[in-house]
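1. what's the 3D shape of this:
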Amino acid sequence: MDILDRLTNRNELERRMGQEIEPTLIDAEALAARLKENVVGQDRICDELAAQIRRRLALVRRGKPVGVFLFTGPPGSGKTYLAKCLADAMGKKLLHFDMTQYSSGGFAATSLFGAAKGYVGSTSYGKLTAGLRDTPDAIVLLDEIEKAHPDVHKNFLTAWNDGFITEASDGKQISTTLTLFILTTNAAVDALADIKQHAAGDGENLRRGADSALRAAGFAPEVLNRIDRIFVFDPLSGLDVARVAALEIETMIKGYGLTIAVGGIDPQILIDLIERQRRLGLAASARDLVRAIEEIIADSLIEAKRKGAREIALVQRDGEVRAQIA
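-> The predicted structure is shown next:
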C-alpha cells in the first residue's frame, strides 16, 4: 500500500494538486529547433506544437491535462515519430499504445484501465493506469485512436475533461493534470489535404474543416469535442522523401554493423525511392519505404559484412544496388 493511501486521503490530495500546479517555463524556440532536427517536412507543426506546450505548461490553475492534441495526415508523414521525438526532447517518459489492439469489447478497456473486483486481472492495474500512477507527467501516445472500442473512448473522456482517470480494480482516481495526450489518426486523408490547401493558413477554418471531415469519416464526436488542437500534417514529397529515405538507409546500414561513407548514397537510389512513393500516393507509409529499402540493399549489406567491410558506399549499376567497400 502506498504511504499516501494509508495516511491521508490521496484522491483529495491529488485533486487539490491538480488545481494548483507549479508552472513550468520552457523555451519554445529551442524545443521546436530540436524537433525540426529530427522530423522532416513538418517545420510549421513543430513550431506550433512547441508554442502550445509552452503556453499550457505556464498555467498555474489547469485541472485538465497539459494538452490533448490530435495529429492527422497521411501515413508516413511523421505523426508517431514526432510524438517520440517530443518525449525525448522534453525528457519525458512515453507511454505508447497502438489503439488497433483495443478494438474489441470488454477486454480492451480492462487491459488499459484495469478489471473490476471479482474479474480476471483485478489484482493488478491496467497498462495505462499503472503507467500514469508511476509517471503522472508522461506523454501518452494513442496511435490510430479512432480504431479503439467505444468503451475505451468513454474511459478516456474523464481523463481529458476532468483531469483524472479511474483504475477499475480499486476505484482509485489517478490524476492526468500533468499528462500530455497525443492522438494520431489516418482517417479522412484526402479530405484533410484538400481542406488544408483551401484554409491557406487560417487556423480557425482549418479546425472547423478538419472537425467536419473527421466526423464524416466516423470519428467519435465525444472524442473530437475534447481535443484541444488538431495538427494536420503535410504529405512528404520530393527532397523530403529523399531525406527520410537517406536517414532510413543510414539506420539500416548501422543495423548491420556498418557505416556509410560521406556522400556514399548514389542519388539514383533516392530518386527511385521518391518515384516509388509518388506512385503509391497518399496511401504510402513509412513502413512501405522501409520495406522497399530493405529489399533493395539488405543482401548487398550482408555480402559486404561477410567480406569484412566496415565503411561502405551504395551504388546503382544496371538497376541493381551494390555495397562497395569505401
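
2. in which helix or strand would I find Pro74?
-> Using DSSP states H and E, Pro74 falls within no helix or strand.

3. Closest to the mean position in this structure, which residue would that be?
-> Nearest residue to the geometric centre of the chain (C-alpha atoms, centre = their mean): Thr80, 2.8 Å.

4. which parts of the helix or strand encompassing it are buried?
-> For Thr80, the host element (DSSP H and E) is helix 79-90. By neighbour count on 16 or more other C-beta atoms under 10 Å, the buried set for helix 79-90 is Lys79, Thr80, Tyr81, Leu82, Ala83, Lys84, Cys85, Leu86, Ala87, Ala89, Met90. Just so you know, the C-beta spots here come from the backbone N, C-alpha and C atoms, and that holds for glycine as well.

5. tell me the contacts of the fourth one?
-> Taking C-beta atoms under 8 Å, 6 or more residues apart in numbering, we find Leu82 in contact with Leu35, Val39, Gln42, Ile45, Cys46, Leu49, Phe71.

6. Leu224: which of those is nearest?
-> Phe71 (13.8 Å; C-beta to C-beta).

7. Skipping adjacent residues, who's closest to that closest one in space?
-> Nearest non-adjacent residue to Phe71, counting by C-beta to C-beta, 6 or more residues apart in numbering: Lys79, 4.0 Å away.

8. Assess the claim that the one you found and Leu70 are in contact.
-> No. Between Lys79 and Leu70 there is no contact under C-beta atoms under 8 Å: 9.5 Å.

9. Overlap of the contact sets of the two?
-> Thr184.

10. sorry, back to before: return the member of the buried residues of helix 79-90 nearest to Thr177.
-> Using C-beta to C-beta, those come closest to Thr177 at Met90, 16.4 Å.

11. Could you let me know which of the buried residues of helix 79-90 ends up closest to Gln101?
-> Thr80 (14.6 Å).

12. Quick one: residues contacting that closest one.
-> Listed by C-beta under 8 Å, 6+ apart, the contact set of Thr80 reads Phe71, Leu141, Asp143, Thr184.

13. beta partners for the third one?
-> Beta bridges link Asp143 to Asp98, judged by DSSP bridges.

14. you'd agree it is up against Ile182?
-> No. Using C-beta under 8 Å, Asp143 is not in contact with Ile182, being 9.1 Å away.

15. of those two, who's got more company?
-> Per other C-beta atoms under 10 Å, whichever of Asp143 and Ile182 has more neighbours is Ile182, with 26 against 21.

16. what are the phi and psi values for that one?
-> When read as degrees, to the nearest 10, the backbone of Ile182 gives phi -120, psi 120.
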